[in-house]
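> 3D model of this:
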Amino acid sequence: MNVTGTKRKGPSVGGPRLGPNPISFAAFSQYIRHPTGQMPPFTIKVTSDADLADIYAFLQSLPQPPKVESIPALK
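Numbers count the residues shown, from 1 in each chain. Below you'll find the model as predicted:
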């Protein structure tokens, strides 16, 4: 389910939508470096800015999921 830009799985799990159509690179970087919740921060010592840019580019390359209407089992 997509609720105000977040992917939700279960009643209390959520975070920024990372792909496809991810959040902006600035927001992505901020979230990775200074996350909220239980995720540990990935400092520059752990993940370089170049690695973050590569991860972000990969997320941008993900195809859109099929429309719900096009999935026969969900009709």
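> what ranges do the strands span in the chain?
For the chain, the strands defined by DSSP state E cover 2-3, 6-8, 14-16.
> what's the least confident stretch among those strands?
Mean pLDDT per stretch puts strand 2-3 lowest among the strands of the chain, at a mean of 44.
> residues in contact with A57?
By C-beta atoms under 8 Å, 6 or more residues apart in numbering, the contact set of A57 is empty. From N, CA and C alone the C-beta is placed, and that goes for glycine too.
> Could you do P65 as well?
Taking C-beta under 8 Å, 6+ apart, we find P65 in contact with P20.
> if I look at it, how far off is I44?
Plainly put, P65 is 32 Å away from I44 if you go by C-beta to C-beta, to the nearest Å.
> Can you report how many residues lie near I23?
Neighbour count for I23, taken as other C-beta atoms under 10 Å: 19.
> what does P63 give?
Look at P63: counted by other C-beta under 10 Å, it has 7 neighbours.
> tell me the contacts of the nearest residue to it once chain neighbours are set aside?
Spatial nearest neighbour of P63, chain neighbours left out: P20 (6.5 Å); criterion: C-beta to C-beta, 6 or more residues apart in numbering. Contacts of P20 were listed using C-beta under 8 Å, 6+ apart, and they are L59, Q60, L62, P63, Q64, P65.
> what about P72, distance to Q64?
18 Å.
> got the contact list for S61?
Neighbour list for S61: empty [criterion: C-beta under 8 Å, 6+ apart].
> Pull out the buried positions in the lengthiest helix in the chain.
What stands out as the longest helix in the chain, according to DSSP state H, is helix 49-61. For helix 49-61, the neighbour count (16 or more other C-beta atoms under 10 Å) marks L52, I55, Y56, L59 as buried.
> Please read off the pLDDT at L18 from the model.
pLDDT, L18: 64.
> Low-confidence regions, this structure specifically.
Across the chain, the ranges flagged by pLDDT under 70 are 1-19, 22.
> run the last query once more with 90
Scanning the chain for pLDDT under 90 picks out the ranges 1-24, 28, 31, 35-39, 59-75.
> Which residue of it lies farthest from its centroid?
Relative to the centre of the chain, the most outlying C-alpha is that of K75, 27.2 Å out, by C-alpha atoms, centre = their mean.
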